[in-house]
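Whatever this is, show me its structure:
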Amino acid sequence: MSMLSEAFMGRFGKGDQGPEQRIRFARMLDEMMNKELFTEFGCGRFQDGFLHLFSQDLDVLDPLLETWSFLLPEAEGRRKVIGRKAYGALLILEDFDTKGGVAPMCILDPITLSYWGSEHCLYTNGLGHWLPQNKVLPTFLDDRLYKATRSVLPDLEFTVTEILGIKVPLPLGGTMDAANFQVEDIADYYTSMAPIIRQAMGR
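Predicted structure coming up:
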């Protein structure tokens, strides 16, 4: 097992799907490394569905980047959603077509109304270092509210399109308590919240 896979699985375990995933790189070395990684830790649901990572069904989330484009910086190349967490945040690769294994890894977060990234957080070291050590957005791996909801609604599966959407984001005065969240379809959430957030942020 590679050190990267060991670090990733030490924090998140294995996904509930096999190695077939939606990340394909043009350069042969990048693609060979990628196949080895996903053979080891798989894709799909991690942490009881709190995270949904790398699987092919995430392609339905790519259009959400256009829906909330007012929060995104100008792109150098094509963006690709490679994950979502249960509160609706999207894990994104920037310009992955040309940059391959060193494509920047970023987070679009509806809770903080932010697009987070670091010049040092790239695809490979993001999987093996930044994500497992929680060096991304401080709230990204906080699953306490999700666990509380699952304890009350154990039969709710939280598929790739089901989220706990925040009603009032933190910068607009909202809080991280159960009364400020509701189960929603992620596409409906992004679409309905877009004009509200644009107006509130003057965009």
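
Output the below-cut-off pLDDT ranges for this structure.
Low-confidence segments of the chain, defined by pLDDT under 70: 1, 203.

how about the biggest strand by length in the chain as PDB, C-alpha atoms only?
In the chain, assigned by DSSP state E, the strand with the most residues is strand 79-85. Taking C-alpha atoms only, strand 79-85 is exported to PDB below (Å, rounded to 0.1, in the frame of the first residue of the first chain):
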ATOM      1  CA  ARG A  79     -13.200  22.400 -13.200                       C
ATOM      2  CA  LYS A  80     -14.400  19.000 -12.000                       C
ATOM      3  CA  VAL A  81     -16.300  18.100  -8.900                       C
ATOM      4  CA  ILE A  82     -14.600  15.100  -7.200                       C
ATOM      5  CA  GLY A  83     -16.600  15.100  -3.900                       C
ATOM      6  CA  ARG A  84     -19.400  16.500  -1.800                       C
ATOM      7  CA  LYS A  85     -19.900  16.500   1.900                       C
END
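
Could you point out the helix or strand that follows it?
strand 90-94 (DSSP states H and E).

and the longest strand of the chain with strand 90-94, angle?
Going by axes from the mean of the first three to the mean of the last three Cα atoms, to 10 degrees, strand 79-85 is angled at 160 degrees with respect to strand 90-94.

Tell me the helices and strands packed up against strand 79-85.
strand 51-53, helix 64-67, strand 90-94 (3 or more Cβ pairs under 8 Å, 6 or more residues apart in numbering; DSSP states H and E). Yep, even glycine has a C-beta here, placed from its N, CA and C like the rest.

so how many other residues sit close to the closest residue to Pro104 other than its chain neighbours?
Closest residue to Pro104 apart from its sequence neighbours, by Cβ to Cβ, 6 or more residues apart in numbering: Glu94 at 4.3 Å. By the criterion of other Cβ atoms under 10 Å, Glu94 has 20 neighbours.
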